[in-house]
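J.: Sequence first, predicted coordinates after that:
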Amino acid sequence: MLSDPVRFDGRVLFLTEDPDRISRQCAGEDLDPAETGPLRDQISTDEITPAFICYHFDEKLGDFPYLGLKCGEAFPVKEGSVRKGGFSISVAGRRRGKGSSREASPYAELCAGIRLVIAESFERIYRQNCQNLGLLTSSDFGLIPRIRRGEAIPLAEFTAGLDSITAEIVRRGGLFAYNAARLRGEVVPPQPVHLPHPMTYGEILLARHVVVEASSGRTGLPVVRPGDGLFVKADWRFSHEYVTPMAASFLEKALGPDAVLRDPASILAFRDHLTFLHHSIQAEHRAMGLLAVAEALKPAQEAFCQKHGIRLHGELRDGSGSEGICHALMAERYALPGQVVVGTDSHTPHAGALGCLAFGVGTTDIACAWVTGDVRVTVPPTLRVHLRGQMRAGVSAKDLILHLLAQPLIREGGAIGHVIEYQGQGLVDLDTDERATLTNMAAEIGGFTGLIAPDEETVRFVKERRGVDLVLEPWMRGDEGAEYAHTLEVDCGALGPMLARPGDPGNGVALADLGETIPIHIAYLGSCTGGKREDLRRAFEVVQVAAREGRRVPDSVQFFVQCGSEDVWRHAVEQGWMAAFEAVGALVLGSSCGACINAGPGVSTSPDQVTISAINRNFPGRSGPGQMWLASPVTVAASALAGYIVGAEGLPV
């Protein structure tokens, strides 16, 4: 149990927009809150712990928090400076912890000595990871002068407003301590009791999966409401190589080497992020020994999976790639309507396109879920996105999601932690691959998950990809009269191609309003968001004429095409798409996350390089030091052929 009240003996680190102020703090100067200037908003986990730092999964991470923090054009935090500075409190602005679900970020902060993080608002997964580790969080800036005066803070101030389960996790110092007490029968999660009322589809899914009795596995409650703390049974639990070794290490430290996993047949593992790292690792990172550190993740994951009988989708034997990105394979082979799917990646909502509740969790969450078979959830509110009309030819789901990300409600964090449920006539013409782009990028919205109720398209997709005849149940949709926190109306017919300017997926701009010619150096068509069948088909329609006429991408442009899975690659080869891409000069790569995680061909190598990419996020350093624009597969392909950012309609003939 945490001490009550809580004392903080270290210094306060203000993460400001001014790099000089951060450097001065690291050098020993303490700032007054009135002198800090604007705090950095929307700090991503890519900035807290850049991807190359996450090859470490032990206390060494404490040398690196905020190494990727970009303030203006500077990166003021250096290796070891937070730990050496004696900081125990870290302060930032809005939407702290955007992006990846990597628990390495709060763990690095914790290992560096940080005990409390303060921000105007937090992303859902980041804050949950903090709670799981015992790292305290607060949005009360009034704590700062009190702590500096030496005042001890009552623990109740850090549990106020939390559901009862989360509050007890905080009091006990983390999720492992809570679950250990739960397994011993010392703590029993309370079950919410409500009068019957209409529920959204997401609430229905959670209600059906609530663990009512852990020993027997009995599940299901009649109703739940937003704010309820629950444990829900997971139909699928998965992790990738960035997280499996860290989770296994956490598990062994907490429960010993003989911990027994519950139902290993419903646990999956993937090696998909780092299969191409050796092609692109920067010289400075190689000099730091990071390639060897990263390569050690593979045998660690394999050993854990072998020990516990877990199916591992790994590298291809010829070394040409992986079986597929976890999200792609979950949608193509595993997830089904009505299920709950949890994975150690913020883009786990990809599978929500099939009508399942799929959401990202952190390292501690998955390690505990391996043993208990369930995960803790605070029932989220729901943002309804109502799609009216039909999208024009050449406009895709990626354009739609970039439009949504630029909306003030979302840009300002109004959808943090919400289920993003898509409804309306605009879904009719979107196949499951396109729908998966919408649900996948609920992560960029800051949502708990993205969700679409299953329909005849879902039945078609499952039959096509798996040969299974799916029967939908009547309960697989929201109730009439269900309450939504917000509703966004979108006129799909009014949308055109969209871009996101470098730095954040929310920096949306209509392609028609760009108003300048942006030459490019790299065009990247790939990732879980941009490497599906439909993504490649649409891009092929752009390049096929050029391929027939013998036209190629300019010598100044590198064009990379990388499928989300080998299943997609085989289909693309059969359709002749890959031959067309290669005919115009594209380099076709084996399946992998690759450049999306700064670990493969397609990453930029210098700040002046400009990339246009079909991936889902463009935070600073996400895919190299250059300037990354986000776009649809169609716009990526057209821009590759033109040598500058352009849509298919503006492509020179």
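T.: Nice, I can see it. Numbering: from 1, shown residues only.

J.: Excluding its own residues, what touches the longest helix along the chain? List them.
T.: Assignment by DSSP state H gives helix 533-549 as the longest helix of the chain. Here helix 533-549 makes contact (Cβ atoms under 8 Å, 6 or more residues apart in numbering) with 396, 431, 433-434, 437, 525, 529, 552, 561, 563, 568, 571-572, 575, 577, 579-581, 583-584, 586, 614, 632-634, 636-638, 640-641, 648, 651. No exception for glycine: its C-beta is placed from N, CA and C like everyone else's.

J.: PyMOL command for the buried members of the residues you listed?
T.: The PyMOL command for the buried members of the contacts of helix 533-549 (criterion: 16 or more other Cβ atoms under 10 Å) is given here:
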select buried, resi 396+431+433+434+437+525+529+552+561+563+568+571+572+577+580+581+583+584+586+614+632+633+634+636+637+638+640+641+648+651
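
J.: What pLDDT does the model give the residue of the chain most remote from its centre?
T.: Most distant residue from the mean C-alpha position of the chain: Glu549, 40.3 Å away (Cα atoms, centre = their mean). Listed pLDDT for Glu549 reads 92.

J.: Can you give me the separation between it and Leu641?
T.: Between Glu549 and Leu641 the computed distance is 11 Å (Cβ to Cβ, to the nearest Å).

J.: Check Gly508 too.
T.: 24 Å.

J.: Apart from its neighbours in sequence, what residue is nearest Val459?
T.: Spatial nearest neighbour of Val459, excluding adjacent residues (Cβ to Cβ, 6 or more residues apart in numbering): Leu470 at 4.8 Å.

J.: Doesn't that neighbour lie inside a helix?
T.: No. Leu470 is assigned coil when assessed by DSSP: H, G, I helix; E, B strand; the rest coil, not a helix.

J.: Just want the phi and psi numbers for the residue sitting nearest the centre point of the chain.
T.: What sits nearest the mean C-alpha location of the chain, by Cα atoms, centre = their mean, is Ser346, with 2.2 Å. The phi/psi pair for Ser346 (degrees, to the nearest 10) reads phi -70, psi -20.

J.: okay but it is in contact with Ser101, surely?
T.: Yes. Using Cβ atoms under 8 Å, Ser346 is in contact with Ser101, at 4.2 Å.

J.: what residues are shared contacts of the two?
T.: Counting by Cβ under 8 Å, 6+ apart, the contacts common to Ser346 and Ser101 are Ile125, Gly360.

J.: measure the residue nearest to Val459 to Val232 for me?
T.: Applying Cβ to Cβ, the value for Leu470 to Val232 is 23 Å.

J.: So between these two, which is more surrounded?
T.: Per other Cβ atoms under 10 Å, whichever of Leu470 and Val232 has more neighbours is Val232, with 22 against 17.

J.: Find the nearest non-adjacent residue to the more buried one, please.
T.: Excluding the flanking residues, the one nearest Val232 by Cβ to Cβ, 6+ apart is His209, at 4.1 Å.

J.: now Gly80
T.: Nearest one to Gly80, counting by Cβ to Cβ, 6+ apart, is Asp63 at 4.9 Å.

J.: returning to that earlier point: sort out which of the contacts of helix 533-549 are in helices and list them.
T.: Filtering those for helices - DSSP H - leaves 433-434, 437, 529, 568, 571-572, 575, 577, 579-581, 583, 633-634, 636-638, 640-641.

J.: measure the residue nearest to Gly80 to Phe14 for me?
T.: According to Cβ to Cβ, Asp63 and Phe14 sit 21 Å apart.

J.: And these two? Which one has more around it.
T.: Taking other Cβ under 10 Å, Asp63 and Phe14 do not tie; Phe14 has more neighbours (24 against 19).

J.: can you pull up the bridge partners for the more buried one?
T.: Bridge pairing for Phe14 (DSSP bridges) gives the partners Val91.

J.: can you tell me which residues contact it?
T.: So Phe14 contacts Arg21, Ile22, Gln25, Leu31, Pro33, Thr36, Leu39, Val91 (Cβ under 8 Å, 6+ apart).

J.: dump the residue contacts of the residue nearest to the centre of the chain.
T.: Applying Cβ under 8 Å, 6+ apart, we find Ser346 in contact with Gly99, Ser100, Ser101, Ile125, Gly360, Ala443.

J.: one more time with 10 Å, if that's ok
T.: With contacts defined as Cβ atoms under 10 Å, 6 or more residues apart in numbering, the neighbours of Ser346 are 45, 98-102, 123-126, 359-362, 440-444, 446-447, 616-617.

J.: same question, Thr611
T.: 502, 520-524, 558, 560, 595, 602-604, 618, 623-624, 626-630, 636 are the contacts of Thr611 under Cβ under 10 Å, 6+ apart.

J.: do the same with Gln575
T.: Arg533, Leu536, Arg537, Phe540.

J.: ditto for Arg501
T.: Arg501 neighbours (Cβ under 10 Å, 6+ apart): Asn507, Gly508, Val509, Leu514, Ile518, Asn618, Gln627, Met628, Trp629, Leu630.

J.: Isn't the first one up against Arg617?
T.: No. Under the criterion of Cβ atoms under 10 Å, Asn507 is not in contact with Arg617, lying 11.2 Å apart.

J.: So which of the two has more stuff around it?
T.: Arg617 (26 against 17).

J.: Surely Thr364 is within a helix?
T.: Yes. If the criterion is three-state DSSP, then Thr364 is within a helix.

J.: Quick check: closest non-adjacent residue to it.
T.: Nearest non-adjacent residue to Thr364 (Cβ to Cβ, 6+ apart): Asn132, at 3.9 Å.

J.: which SS class is the one you found?
T.: helix.

J.: Can you report how many residues neighbour it?
T.: Other residues lying near Asn132 total 29 when counted by other Cβ under 10 Å.

J.: what does the one 5 residues further on give?
T.: A count of nearby residues for Thr137, using other Cβ under 10 Å, gives 19.

J.: contacting residues for it?
T.: 96-97, 106, 116-119, 122, 126-128, 130-131, 158, 170.

J.: partners of Thr137 in the sheet?
T.: Here Thr137, judged by DSSP bridges, has bridge partners Val117.

J.: can you map out the helices along the stretch 301-450 of the chain?
T.: Listed in chain order, the helices of the stretch 301-450 of the chain (DSSP state H, counting those that start in this stretch) span 326-329, 363-372, 397-405, 408-411, 432-440, 442-445.

J.: Mind putting these into a markdown table with mean pLDDT and distance to Ile153?
T.: Listed next are the helices of the stretch 301-450 of the chain as a markdown table, based on pLDDT from 0 to 100; distance: least, Cβ to Cβ, whole Å:
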| stretch | mean pLDDT | distance to Ile153 |
| --- | --- | --- |
| helix 326-329 | 97 | 40 |
| helix 363-372 | 97 | 24 |
| helix 397-405 | 98 | 36 |
| helix 408-411 | 94 | 32 |
| helix 432-440 | 98 | 39 |
| helix 442-445 | 96 | 32 |
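
J.: And the ones you listed: which comes nearest Val6?
T.: For those, the distance to Val6 is smallest for helix 363-372, at 20.4 Å, taking Cβ to Cβ.

J.: for the closest residue to Arg83 other than its chain neighbours, what are its contacts?
T.: Nearest non-adjacent residue to Arg83, counting by Cβ to Cβ, 6+ apart: Ala112, 4.4 Å away. Ala112 makes contact with 13, 59, 61-66, 80-88, 90, according to Cβ under 10 Å, 6+ apart.

J.: Just the buried residues of these.
T.: Among the contacts of Ala112, those classed as buried by 16+ other Cβ under 10 Å are 13, 61-66, 81-83, 85, 87-88, 90.
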